[in-house]
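> give me coordinates for this.
(one chain, ligands or ions: 2)
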Amino acid sequence: MVSEKAVETAYQVAKERYAEVGVDTEKVLKKLQNIRVSLPCWQGDDIHGFLTPDAALSGGIGVSGNYPGIARTPEELTNDLDEAFKLIPAKQRLQLHQIYAVTDGKKKDVSEVGPEDFKFWVDWAKKNDIYLDFNPTFFSSPKVKENMTLASPEKSVRDYWIQVGKNARAISNYFGEEQKAQSIDNFWIMDGMKDEPISRLDPRERLIDSLDQINEEKYDEKNTMESYEGKLFGTGVESYTVGSHLFYNNYALTRGKDWCMDIGHFHEAEDPSDYLSSFLAFGKGMFLHLSRPVHWDSDHVPAMNDMLIKMMRALVRDNLLSKTVIGLDFFDASINRVSAWVIGTRSAQKALLLALLAPIDQLKDAENHYDYTLRLAETEELKSFPFGAVWDEFCLRNNVPVGMDWYQELKDYEKNVQFKRN
Ligand SMILES: C[C@H](O)[C@H](O)[C@@H](O)C(=O)CO
Ligand SMILES: [Mn+2]
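Ligands and ions are numbered 1, 2, ... in the order given. Next comes the predicted model:
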């Protein structure tokens, strides 16, 4: 076990080192304490959900791996989440998908679920001081016709999915009312075509109309805010995605909604962190799906890599955190699913902490006075500052295991709970 004394001693040294360059680590720790990251509930059960757990995944997303101990019921999923939250410092958020409705034995279609089917989650969230976000489920359903939902050429198909979207807004609004904090309602719509379409505009106009119909009801933004997640392509819809990045960027701007960037949905040569300030210079707010794309939108568990660090730096350096909810999106069944939540969230928090531990005002001042030498010298020196000691102190203060100590706790849970499920 990591010695508390060693952590505290190292922190005192780190505090002094950062103070030398004008960074107050105590202020940074307070900031980090109040930034909630939104975990994807679907990592816990490979996106099966409870409404149609046997339905095949569609929309070009896929889970690989078969690690034992998957959660099969709402109780098992919340037990696993409880375990993850014991190993993640500070209070967080959780994204639910619509297929995670808990209908108490009643057979319901996704177009029929409402707030009452999420009471289970609201009760659990209140008990644990977790904020809930939402994602309507526009995939894994026989009602998806030829890869089309809200943009379908058939009115009856669109109408079905419009109802799903309306329900989603009512559910997210219910979360907001209950938790007294805004719930993000994130729309990802899989619609697209495998081969070159003749019209690229018609499906987009239909999608706009469907979304506008979904948004007819006015809800208090204190409770709920829609965000729209674009995509470059997906397996099966390689040639055309109706909801491209630019499409939702414009939809969000013209409707006063949030834009969602999933960093797995960009081309490898792009730098998605650059889009944050480009959008937020005009837009209302941003929701993120931080993920780890490996050659494509593979939804690996986020690691503290350059991409993640750049995203956090862009948010912190330009003061965009107040307009952004940091969500995660991954589903990896090749490793313990609870460990995926722990690793992904701790990595996101670490990247955020690293970004916060910088004398940003000073660096901006250097930049505004053309002192690019100081800017480069200091940002490079900061890379070898004792950031890990500040992270360990953060874990210690939050009563969660420091360093690899969490792994042993998780192995006990795996042995005593998860492996007994089969
Ligand atoms: C399960 C999520 O809705 C899904 O991952 C979506 O957010 C996405 O990123 C699709 O590629
Ligand atoms: Mn996503």
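
> tell me where this protein has strands.
37-40, 93-97, 131-135, 183-187, 192-193, 224-229, 240-241, 258-262, 285-290, 324-328 (DSSP state E).

> generate JSON lines for those strands, with mean pLDDT and mean neighbour count as supplementary columns.
The C-beta positions use only the backbone N, C-alpha and C, and glycine is treated the same way. Listed next are the strands of the chain as JSON lines, based on pLDDT from 0 to 100; neighbours: other CB atoms under 10 Å:
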{"stretch": "strand 37-40", "mean pLDDT": "98", "mean neighbour count": "26"}
{"stretch": "strand 93-97", "mean pLDDT": "99", "mean neighbour count": "24"}
{"stretch": "strand 131-135", "mean pLDDT": "99", "mean neighbour count": "26"}
{"stretch": "strand 183-187", "mean pLDDT": "99", "mean neighbour count": "27"}
{"stretch": "strand 192-193", "mean pLDDT": "98", "mean neighbour count": "22"}
{"stretch": "strand 224-229", "mean pLDDT": "98", "mean neighbour count": "24"}
{"stretch": "strand 240-241", "mean pLDDT": "98", "mean neighbour count": "21"}
{"stretch": "strand 258-262", "mean pLDDT": "98", "mean neighbour count": "26"}
{"stretch": "strand 285-290", "mean pLDDT": "98", "mean neighbour count": "25"}
{"stretch": "strand 324-328", "mean pLDDT": "99", "mean neighbour count": "25"}
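
> dump those to CSV, plus distance to A389.
CSV is the format used below for the strands of the chain (distance: least, CB to CB, whole Å):
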stretch, distance to A389
strand 37-40, 22
strand 93-97, 27
strand 131-135, 30
strand 183-187, 33
strand 192-193, 47
strand 224-229, 36
strand 240-241, 44
strand 258-262, 32
strand 285-290, 24
strand 324-328, 24
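
> nearest to R337, of these?
Among the strands of the chain, the nearest to R337 by CB to CB is strand 37-40 (10.9 Å).

> returning to what we had before: with distance to ligand 1 added, can I get the strands of the chain in a markdown table?
Below are these laid out as a markdown table (distance: least, CB to the nearest ligand atom, whole Å):
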| stretch | distance to ligand 1 |
| --- | --- |
| strand 37-40 | 7 |
| strand 93-97 | 6 |
| strand 131-135 | 5 |
| strand 183-187 | 7 |
| strand 192-193 | 11 |
| strand 224-229 | 5 |
| strand 240-241 | 10 |
| strand 258-262 | 4 |
| strand 285-290 | 5 |
| strand 324-328 | 9 |
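
> quick check: residues of the stretch 151-300 of the chain near ligand 2?
Taking CB under 5 Å from the ion as the measure of proximity, the stretch 151-300 of the chain contacts ligand 2 at 262, 289.

> what helices and strands are in contact with the lengthiest helix in the chain?
Identified as the longest helix of the chain according to DSSP state H is helix 155-179. When contacts are defined as 3 or more CB pairs under 8 Å, 6 or more residues apart in numbering; DSSP states H and E, helix 155-179 packs onto helix 119-128, strand 131-135, strand 183-187, helix 202-214, strand 224-229.
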